[in-house]
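**Student:** take this sequence and fold it.
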Amino acid sequence: MDALDGLMRFFSFLGEENFFSAFIPVVYWCVDATLGIRLLTLLVFSNFINGLGKWVFRAPRPYWVDARVKALSIEPSYGLPSGHAQNAVGIWWMVAGTAGKTWARVAAVLLILAISVSRVYLGVHFPLDVIGGWVIGIVLLAVYWRPGCFSGCGLRRRI
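**Tutor:** Take a look at the predicted model:
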């Protein structure tokens with residue numbers, strides 16, 4: 001199980017703010033500055049909404065309510081919505097959509113699923129927390145990414 005634990009921690013890391021704090025500047029400097037700024041703005045707004053959601057719902061984490069749950073990661077905040085799942089939907093789908101390639105969209109969906117499953121596997125979220133994160137992430141992305149915006153926003157460069 002140690003190899004699977006490590007893999008799940010890796011996927012979880014790909015949805016963390018620490019990872020995005022390194023990833024977004026690389027996008028800004030090496031791929032497209034406008035995309036980097038939009039990703040950063042989306043991440044900040046998403047984290048704000050996530051914090052509000054956690055405060056409103058105040059849902060416990062699995063290891064808070066059941067001593068049999070072996071938490072492989074410890075989180076100090078409430079569980080619903082999953083910030084990892086929410087940010088994964090927003091950030092990875094925006095990157096894939098900007099790339100405009102089928103492989104990028106498939107990779108984004110697989111990555112979003114892997115990040116989400118990792119949170120349940122690590123014992124820090126219930127499946128409902130992850131689904132809540134997906135829903136909020138999709139809504140934020142839909143609001144943030146208005147149809148037609150990318151044709152005139154300088155985001156024409158393909159990955």
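
**Student:** show me the residue sitting in the middle of this structure in space.
**Tutor:** Nearest to the geometric centre of the chain sits residue 88, at 2.0 Å (C-alpha atoms, centre = their mean).

**Student:** mind listing what that residue touches?
**Tutor:** Applying C-beta atoms under 8 Å, 6 or more residues apart in numbering to residue 88 gives the contacts 14, 15, 111, 112, 115, 116, 133, 137. C-beta here means a position set from N, CA and C on the backbone, and glycine is covered the same way.

**Student:** need the residues you listed in TSV with secondary structure and distance to residue 94, can you?
**Tutor:** TSV is the format used below for the contacts of residue 88 (DSSP: H, G, I helix; E, B strand; the rest coil; distance: C-beta to C-beta, whole Å):
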residue	secondary structure	distance to residue 94
14	coil	15
15	coil	14
111	helix	13
112	helix	12
115	helix	15
116	helix	17
133	helix	16
137	helix	10
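
**Student:** scan those residues and report the most crowded one.
**Tutor:** When the contacts of residue 88 are compared by neighbour count (other C-beta atoms under 10 Å), residue 133 ends up highest, at 31 neighbours.

**Student:** which of the helices and strands in this protein ranks last by mean pLDDT?
**Tutor:** In the chain, the helix or strand scored least confidently by mean pLDDT, DSSP states H and E is helix 149-152, which has a mean of 43.

**Student:** could you look up the SS state of the residue nearest to the centre of the chain?
**Tutor:** Per DSSP: H, G, I helix; E, B strand; the rest coil, the secondary structure class of residue 88 is helix.
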